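Visitor: okay, here's the prediction I keep looking at, along with the sequence it came from:
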Amino acid sequence: MRWALVKVCLAVTAMVVVAFAVPLGLVVQEMASDRAFSNAERQAATMGPTLSITTDPAQLRKAVESTQMGAARRMAVHVPAVGDRAPVDIGKGWVGERAVAETRRIGRATTASVAGGGSALLQPTALGSGDIAVIEIYVPESEVSNGVATAWLVLAGVGLALIVGSVAVADRLGARLVRPAERLADAAHQLGEGRLGARVPEDGPKELRSAAVAFNSMADQVVELLANERELAADLSHRLRTPLTVLRLNTASLGDGPAAEQTRSAVEQLEREVDTIIRTAREQRAPAALGGAGAGCDASEVIRDRMAFWSALAEDEGREVRLAGVERPVRIPVARPELAAALDAMLGNVFRHTPEATPFAVDVHDAGDAVIVLVSDAGPGIADPDAALRRGNDGGRDGSTGLGLDIVRRVAESTGGDVRLGRSVLGGTEVRVWIALDDRARGGTEGARGRRRKRRGA
């Protein structure tokens, strides 16, 4: 907008300068020409009294030489034959006899171009005998254009100064308009990146002030809504403490054995997760990134650990389990609790949404620039994979909150990867989790955010 305003002012000022300077320059040029020929007419008029008295060549030559033009050899007098006297030509002529005769015939002053440059004024003058003499005055080009070049330079300088001044003023006005808009855009970017303290100074033009007031009000409402959401999450999580306490007390009476130990371990993990949710909600800030410098784990070790937990339930339900690709360590830039939560979400979906005795498999592939985790089953599959990836969409399935795959997706996208749903080789659903080891491999975090916005319909 700033440069558009400058361009408009530049164009308008240039048109105004041209519209006024060019006609004014032409007027100056015409005035210089009129001044030169008016001076020549005055010089020619000084010979009128002499020609009305005498046509003697000697006296005429003396009179011509006494004038300014005559002394400069720029005046000539052409006297026709009078009676028995021959025509008289005093001084050097610049035009031919035809032009002199034509002026004598029409009886008024004329001008004619001179071959070597310049012009000649031919002024007819009546003699005492009634005949017409012609006085010729040479007007050089330098007199006709005297001062014209200077005038054009002055006009050009004034026009250039006006253009530069208008551009400077337009630039200042444009900066005054654009700066508040830039601050508003910058604050919007900061708010989008999670810096909730971003606010905009309420200054500038009226419209931008109104936009700044609306933005600040929106940001305050966002902060308030997030605070309410955190409090609600903390309250709901805190309500789980009582049933968890009952479960923990009940597990103490289960005695010894693998099933009892697994149940106690699950209750302890659930208590830790609830405590984490409460602490995060009470900290009044966004949760930390899932990955980052120093964060990471061995994906193979985490998968083996979680599969040991879920294998007991799979055995009870008669499910065949296949595990592949976890024989050697595979480091990924995801914290161990986050990867474990993602695996539990995917495996929990298998147990909740497929019939008992349905086989499933977990495969890990190291692709060099990424690690691919595949969880596949032989169940009925997902009718609408795109809808299943949208946060909060349970697909109308019992026991589903629609948040499990969202947890998986956030883990993948924190590394620049993504999640895809498809048909597995077992005939059911395949969840493909792409965990990038290098952001450039999948377009970086910004690319993941763009894919996330696209899936959410933003």
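Guide: All right, it came through fine.
Visitor: any weak-confidence spans in the stretch 51-200 of the chain?
Guide: Residue ranges of the stretch 51-200 of the chain with pLDDT under 70: 83.
Visitor: for it, which segments count as helices?
Guide: With DSSP state H, counting those that start in this stretch as the criterion, the stretch 51-200 of the chain has helices at 57-65, 68-71, 97-106, 141-144, 148-192.
Visitor: now the ones you listed as CSV including mean neighbour count?
Guide: (Glycine included, C-beta is placed from N, CA and C.) Output for the helices of the stretch 51-200 of the chain, formatted as CSV (neighbours: other C-beta atoms under 10 Å):
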stretch, mean neighbour count
helix 57-65, 16
helix 68-71, 17
helix 97-106, 15
helix 141-144, 14
helix 148-192, 15
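Visitor: for those helices, give me a markdown table that also has distance to A112.
Guide: Formatted as a markdown table, the helices of the stretch 51-200 of the chain follow (distance: least, C-beta to C-beta, whole Å):
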| stretch | distance to A112 |
| --- | --- |
| helix 57-65 | 20 |
| helix 68-71 | 16 |
| helix 97-106 | 5 |
| helix 141-144 | 13 |
| helix 148-192 | 21 |
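Visitor: nearest to A212 among those would be which one?
Guide: Closest to A212 of the helices of the stretch 51-200 of the chain is helix 148-192 (C-beta to C-beta; 6.1 Å).
Visitor: quick one: contacts for N216?
Guide: 199-200, 202 (C-beta atoms under 8 Å, 6 or more residues apart in numbering).
Visitor: reformat those as JSON lines; add neighbour count and distance to A227.
Guide: Output for these, formatted as JSON lines (neighbours: other C-beta atoms under 10 Å; distance: C-beta to C-beta, whole Å):
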{"residue": "R199", "neighbour count": "15", "distance to A227": "17"}
{"residue": "V200", "neighbour count": "24", "distance to A227": "21"}
{"residue": "E202", "neighbour count": "14", "distance to A227": "23"}
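Visitor: and those residues, which is closest to L10?
Guide: Of the contacts of N216, the one sitting nearest to L10 (C-beta to C-beta) turns out to be V200, at 30.7 Å.
Visitor: please report how far the residue of the chain most remote from its centre lies from T358.
Guide: Distance from the C-alpha centroid of the chain peaks at D84, with 93.3 Å (C-alpha atoms, centre = their mean). Applying C-beta to C-beta, to the nearest Å, the value for D84 to T358 is 145 Å.
Visitor: ditto for D171
Guide: 71 Å.
Visitor: and for G128?
Guide: Taken as C-beta to C-beta, the span from G128 to T358 is 139 Å.
Visitor: these two: which has the busier surroundings?
Guide: Ranked by neighbour count (other C-beta atoms under 10 Å), G128 and T358 place T358 first, with 21 against 11.
Visitor: re earlier: which one of the helices of the stretch 51-200 of the chain lies closest to A14?
Guide: Closest among these, using C-beta to C-beta: helix 148-192, at 6.0 Å.
Visitor: so which elements touch that closest one?
Guide: Contacting helix 148-192 under the criterion 3 or more C-beta pairs under 8 Å, 6 or more residues apart in numbering; DSSP states H and E are the following elements: helix 2-45, helix 206-239.
Visitor: hang on, E430 packs against V373?
Guide: No - using C-beta atoms under 8 Å, E430 makes no contact with V373, being 11.0 Å away.
Visitor: quick one: which of those two has more around it?
Guide: In this view E430 and V373 are compared by other C-beta under 10 Å, and V373 has more residues nearby, 27 against 21.
Visitor: for the more buried one, give its distance to T415.
Guide: From V373 to T415 the distance is 12 Å (C-beta to C-beta).
Visitor: try V139
Guide: Counting by C-beta to C-beta - V139 and T415 are separated by 90 Å.
Visitor: skipping adjacent residues, who's closest to R179 in space?
Guide: In space, and not counting its chain neighbours, R179 is closest to G204: 7.1 Å by C-beta to C-beta, 6 or more residues apart in numbering.
Visitor: returning to what we had before: how about the helices and strands packed on helix 148-192 in CSV, adding mean pLDDT?
Guide: Shown next, in CSV, are the helices and strands packed on helix 148-192 (pLDDT from 0 to 100):
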stretch, mean pLDDT
helix 2-45, 84
helix 206-239, 80
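Visitor: and the closest residue in space to A188 that isn't next to it in sequence, what does it touch?
Guide: In space, and not counting its chain neighbours, A188 is closest to F215: 7.0 Å by C-beta to C-beta, 6+ apart. F215 makes contact with 184, 187-188, 199-200, according to C-beta under 8 Å, 6+ apart.
Visitor: G107 reaches V134, doesn't it?
Guide: No - contact criterion C-beta under 8 Å: G107 and V134 do not qualify, at 10.4 Å.
Visitor: tell me which of the two has more neighbours.
Guide: A side-by-side neighbour count of G107 and V134, using other C-beta under 10 Å, places V134 first with 25 against 9.
Visitor: I'd say that one and A126 touch.
Guide: No - using C-beta under 8 Å, V134 is not in contact with A126; the gap is 11.1 Å.
Visitor: how far out from the middle of the chain is stretch 256-267?
Guide: On the basis of C-alpha atoms, centre = their mean, to the nearest Å, stretch 256-267 sits 61 Å off its chain's mean C-alpha point.
Visitor: what number of residues lie near the closest residue to V200 other than its chain neighbours?
Guide: Excluding its sequence neighbours, the residue lying closest to V200 (C-beta to C-beta, 6+ apart) is A212, at 4.2 Å. Close neighbours of A212, defined as other C-beta under 10 Å, add up to 21.
Visitor: ok, A71 - contacts?
Guide: With C-beta under 8 Å, 6+ apart, A71 has these contacts: E65.
Visitor: if you could redo that for W152, that was the one I meant.
Guide: With C-beta under 8 Å, 6+ apart, W152 has these contacts: 25, 28.
Visitor: for S142, see how far away it is.
Guide: Distance from W152 to S142, by C-beta to C-beta: 16 Å.
Visitor: try A149
Guide: Taken as C-beta to C-beta, the span from A149 to S142 is 11 Å.
Visitor: next up, the contacts around the residue farthest from the centre of the chain.
Guide: Applying C-beta under 8 Å, 6+ apart, no residues contact D84.
Visitor: now swap in Q262 and tell me
Guide: Contacts of Q262 (C-beta under 8 Å, 6+ apart): 309, 312.
Visitor: need the pLDDT of it.
Guide: For Q262, the model assigns a pLDDT of 79.
Visitor: ok, P385 next?
Guide: The model reports P385 with a pLDDT of 78.
Visitor: thought L421 was touching it, still the case?
Guide: Yes - at 3.6 Å, P385 counts as touching L421 under the criterion of C-beta under 8 Å.
Visitor: show me what contacts the closest residue in space to V12 that isn't next to it in sequence?
Guide: Excluding the flanking residues, the one nearest V12 by C-beta to C-beta, 6+ apart is S166, at 7.7 Å. The contact partners of S166, by C-beta under 8 Å, 6+ apart, come to 9-10, 12-13.
Visitor: would you say G422 is within a helix?
Guide: No - counting by DSSP: H, G, I helix; E, B strand; the rest coil, G422 is not found in a helix; it is strand.
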